[in-house]
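Student: Provide a 3D model corresponding to the input given below.
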Amino acid sequence: MIYEERCIQLKGGVLDEYLDWAVHRLWPTLESKGADPVCLLNGLIGASSDELLWIIGFKDYSAWESCQWTIAGKAKSQKPRNWIASEAVNLMMPSPYRPVGPVAIDERRAVYGARRWWIHPEDWSEFNRLSHDGVWPAMDYMGHHVIGQFRHAATTSPLEVLNLAGYDDVAHWHATRSPEKHDVPDALRNLLTALGRERNQLVQKSLVCLMRAHWPD
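Tutor: Okay, the predicted model is just below:
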């Protein structure tokens, strides 16, 4: 699988129209073409509400290419292009751990932390191992769920990594910052501390914004 990260800046006042079209028209159309829409998010904290993030999976480059007009629109005066001020796309490679397929209904969350790290490209495999084995188990115990961790397909130095971790709401996100207060078993907390520290040593810089998720019915 390859994945598209599409970052969209909407024009003012069109958010509701775009979301309605994207969730009820574009999403099922992509699925009918064999694509795997992972998520559609818009800014909540740290990004404006008119900033959108799509992650969409495709079986190969040819499948990705064949869906471009479907996603972007063919005519500048028609939707969705007449709603969009600007957009940018990156091809992404997934972590070997997540995604593991289409996001199940019970794995969906209302709010996502879209966290970006920059690491040395040779540390990608180790970064994923430390995430999966050390950080995620304690966080999952508190109800968070990572639907995907991705890197840019191109190898650059530093290499940008995107993690999408889901929470019930903003308060839930805050709560997971303090696992010692939430009955997380000692074994998981110890892994989080030890392997989380190792992972942090691989990071050159990072940033996070909270985003609201939009799912089909």
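Student: Show me how the record splits the protein into domains.
Tutor: 2-93, 105-213 (automatic domain parsing).
Student: Would you mind measuring from the spatially closest residue to residue 173 that is not a sequence neighbour to residue 68?
Tutor: Nearest in space to residue 173, with sequence neighbours left out and distances taken as CB to CB, 6 or more residues apart in numbering, is residue 167 at 4.4 Å. (Glycine included, C-beta is placed from N, CA and C.) Distance from residue 167 to residue 68, counting by CB to CB, to the nearest Å: 32 Å.
Student: the more surrounded of these two?
Tutor: Neighbour totals were compared for residue 167 and residue 68, and residue 167 leads with 23 against 11 (other CB atoms under 10 Å).
Student: Just the pLDDT for that one.
Tutor: With respect to pLDDT, residue 167 scores 98.
Student: Next up, the contacts around it.
Tutor: Residue 167 makes contacts with 109, 110, 111, 112, 113, 143, 144, 173, 176, as judged by CB atoms under 8 Å, 6 or more residues apart in numbering.
Student: 6 Å instead?
Tutor: Shown in contact with residue 167 (CB atoms under 6 Å, 6 or more residues apart in numbering): 109, 111, 144, 173.
Student: ok, what's across the strand from it?
Tutor: residue 111 (DSSP bridges).
Student: could you show me where the helices are in the protein, in order?
Tutor: Ranges of helices in the chain, per DSSP state H, are 15-21, 27-32, 61-66, 68-72, 124-130, 136-141, 170-175, 186-200.
Student: Give me the neighbour count for residue 177.
Tutor: Neighbours of residue 177 using other CB under 10 Å come to 8.
Student: residue closest to the middle of this structure?
Tutor: The residue lying closest to the centre of the chain (CA atoms, centre = their mean) is residue 164, at 3.7 Å.
Student: so that residue sits right up against residue 149, yeah?
Tutor: No. Using CB atoms under 6 Å, residue 164 is not in contact with residue 149; the gap is 7.5 Å.
Student: Would you list the phi and psi of the most far-flung residue of the chain relative to its centre?
Tutor: Note on the chain: the largest C-alpha distance from the chain mean falls to residue 77, namely 29.5 Å (CA atoms, centre = their mean). For residue 77, the backbone dihedrals (degrees, to the nearest 10) come out as phi -90, psi 0.
Student: Any regions of this structure where pLDDT drops low?
Tutor: Within the chain, no range satisfies pLDDT under 70.
Student: all strands of it, in order?
Tutor: Remark: strands assigned in the chain by DSSP state E are 2-10, 36-45, 51-58, 84-94, 111-119, 145-152, 159-167, 203-213.
Student: Alpha carbons only: can I get the fourth one in PDB?
Tutor: Below are the C-alpha coordinates for strand 84-94, written out as PDB (Å, rounded to 0.1, in the frame of the first residue of the first chain):
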ATOM      1  CA  ILE A  84     -10.200  25.100  -2.200                       C
ATOM      2  CA  ALA A  85      -7.800  28.000  -1.700                       C
ATOM      3  CA  SER A  86      -4.700  25.700  -1.900                       C
ATOM      4  CA  GLU A  87      -3.700  22.100  -1.400                       C
ATOM      5  CA  ALA A  88      -0.500  20.000  -1.200                       C
ATOM      6  CA  VAL A  89       0.000  16.300  -1.500                       C
ATOM      7  CA  ASN A  90       2.700  13.900  -0.200                       C
ATOM      8  CA  LEU A  91       3.100  10.200  -0.900                       C
ATOM      9  CA  MET A  92       3.600   8.300   2.300                       C
ATOM     10  CA  MET A  93       4.900   4.900   3.400                       C
ATOM     11  CA  PRO A  94       3.200   3.300   6.400                       C
END
